[in-house]
Structure formats: C-alpha cells, structure tokens
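> Give me coordinates for this.
(one chain, ligands or ions: 1)
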Amino acid sequence: MFEKLEEIDAVVKKCNKCGLCTNRTNTVFGVGNPNADIMFIGEGPGADEDAEGEPFVGKAGKLMNQALIGLGISREKIYIANIVKCRPPNNRTPLKEEANACLDYLRNQVMIIKPKIIVLLGNTALKNILGEEYGITSTRGRWIDKKGIKYMPTFHPAALLRDESKKIDFWKDLELVKNEADVQNFQI
Ligand code: URA
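Numbers count the residues shown, from 1 in each chain. Predicted coordinates:
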C-alpha cells in the first residue's frame with residue numbers, strides 16, 4: 001500500500017507481474033488531477049497510449065475528449081486510468097489473470113485520489129470493478145452506489161467508433177455525471 005501516486009507509478013514502470021510487460025513500450029499509469037472528484041476508468045492502453053505513456057490519446061481518446069469538451073468537463077480536473085497498465089497484444093481484452101495482477105495498482109490509485117464518482121468505460125472496467133454479474137448494456141446510465149463512491153457505467157469510446165448510434169447514450173450518461181458534479185460542486 002503506497003501513499004503517493006508517484007510511488008505506485010515507479011513500481012508499475014518496473015512491473016513484470018504478468019506477460020503484458022514483455023511487449024510494452026511504456027506503461028500507462030494514469031493522468032490528471034491527483035485530487036480529482038471524478039475518475040474515468042478504461043480497459044487498457046492501445047498502440048498510441050503504449051507509444052506515449054498516457055491513457056486515451058488515440059482515436060477513442062480523441063472522441064472521448066470531444067465529449068468532455070462539449071459537456072464542459074475538463075480533462076485536467078478529472079483523473080483517467082485503465083484496468084491494465086500495459087498494452088494487450090492486438091488490443092485484445094485483458095485476460096482475467098492480467099487484470100487481477102494489475103488491479104491492486106488501480107485500487108491503490110483510487111484510495112489515494114478518493115474520487116466521489118467513477119465512470120466505468122465499457123465491460124472490462126465494469127466487470128473488474130463491480131463484478132462479473134454486471135453487463136454494460138443493461139447497467140449503463142444507472143448510478144450504482146458502493147462504499148461511498150457513485151459509479152456510472154457507460155460504453156467504452158471505442159464502441160462508439162464501431163457503432164455511432166451508441167454516441168447518444170454515451171453523451172446522456174456523461175451528462176448525468178456532469179449534472180451530479182454541478183449539484184455536488186465537484187471539480188469538473
Ligand atoms: N482504450 C482504453 O481502454 N484505454 C486507453 O487508454 C485507450 C484506449
């Protein structure tokens with residue numbers, strides 16, 4: 001258990017707890033406000049994130065950024081991280097053992113940041129954080145309260161690239177987050 005994000009990042013950079021370490025260019029630890037009220041959690045780095053060492057900088061990230069800007073949510077005021085910190089080959093879904101090997105880092109990040117809201121982007125984030133029994137299609141757009149944190153599951157931005165019709169629901173879900181943040185006076 002670490003007390004500073006930098007300490008976890010330093011350990012992650014040298015991590016070899018699962019096979020994903022063998023092909024990485026960079027670990028992708030997380031980015032944003034270390035005291036954020038709102039945290040976004042994705043699945044894992046893609047090629048662009050692996051190259052730059054920052055989450056959501058590729059095509060899906062750019063789409064998410066557009067939504068954030070449109071809704072008045074500042075990327076600098078939130079915190080963005082992933083379930084796994086190293087790129088899975090060919091952007092496949094992380095295996096259960098890879099996610100499990102990495103999850104303690106994310107849990108420690110959450111303990112330090114203490115977000116009030118966590119946006120879960122897609123099934124991998126949803127299932128690894130809240131449990132295998134959840135599914136994104138039936139759960140998205142509904143607040144789930146657990147241990148003092150409000151979770152908002154929504155589609156992964158990459159799903160919007162494959163199916164444009166999901167953009168409307170993605171926007172609605174993030175609008176709920178923005179409205180809640182406004183009511184609660186959260187940093188956004
Ligand atoms: N997809 C993710 O889940 N995370 C990223 O950082 C980029 C793409």
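> Give me the phi and psi angles of the residue in the chain that the ligand sits nearest to.
Residue nearest to the ligand within the chain (C-beta to the nearest ligand atom): G42, separated by 2.9 Å. To be clear about C-beta, it is placed using only N, CA and C from the backbone, and glycine gets the same treatment. Backbone torsions of G42, given as degrees, to the nearest 10, read phi -100, psi -160.
> The host helix or strand of E98 close to the ligand?
Element membership for E98 (DSSP states H and E) is helix 96-113. No - Helix 96-113 lies out of reach of the ligand by C-beta under 6 Å from any ligand atom, never closer than 11.9 Å.
> what's in contact with that helix?
For helix 96-113, the surrounding residues in contact (C-beta atoms under 8 Å, 6 or more residues apart in numbering) are 1-5, 8, 11-12, 15, 17-20, 29-30, 34-36, 39, 41, 79, 81-86, 88, 94, 118, 124, 128, 149.
> which residues does the most centrally placed residue in the chain contact?
Among the residues of the chain, the one closest to the centroid is I41, at 1.3 Å (C-alpha atoms, centre = their mean). By C-beta under 8 Å, 6+ apart, the residues touching I41 are 80-83, 106, 118-121, 125, 129.
> neighbours around the residue of the chain closest to the ligand, how many?
For G42, the count of nearby residues is 27 (other C-beta atoms under 10 Å).
> who's in contact with it?
55-56, 80-83, 121-122, 125, 156.
> any chance of those in JSON lines, plus distance to the ligand, neighbour count and pLDDT?
As requested, these are arranged in JSON lines below (distance: C-beta to the nearest ligand atom, whole Å; neighbours: other C-beta atoms under 10 Å; pLDDT from 0 to 100):
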{"residue": "P55", "distance to the ligand": "3", "neighbour count": "27", "pLDDT": "98"}
{"residue": "F56", "distance to the ligand": "4", "neighbour count": "27", "pLDDT": "98"}
{"residue": "I80", "distance to the ligand": "7", "neighbour count": "25", "pLDDT": "98"}
{"residue": "A81", "distance to the ligand": "8", "neighbour count": "24", "pLDDT": "98"}
{"residue": "N82", "distance to the ligand": "5", "neighbour count": "26", "pLDDT": "98"}
{"residue": "I83", "distance to the ligand": "8", "neighbour count": "26", "pLDDT": "98"}
{"residue": "L121", "distance to the ligand": "6", "neighbour count": "28", "pLDDT": "98"}
{"residue": "G122", "distance to the ligand": "7", "neighbour count": "22", "pLDDT": "98"}
{"residue": "A125", "distance to the ligand": "8", "neighbour count": "27", "pLDDT": "98"}
{"residue": "H156", "distance to the ligand": "6", "neighbour count": "22", "pLDDT": "98"}
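> Filter the residues you listed down to the ones in helices?
122, 125 (DSSP state H).
> Now render the contacts of G42 as a markdown table, adding distance to I188.
Putting the contacts of G42 into a markdown table (distance: C-beta to C-beta, whole Å) gives the following:
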| residue | distance to I188 |
| --- | --- |
| P55 | 18 |
| F56 | 17 |
| I80 | 13 |
| A81 | 17 |
| N82 | 21 |
| I83 | 23 |
| L121 | 17 |
| G122 | 21 |
| A125 | 20 |
| H156 | 21 |
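> Kind regards, and thank you for your time.
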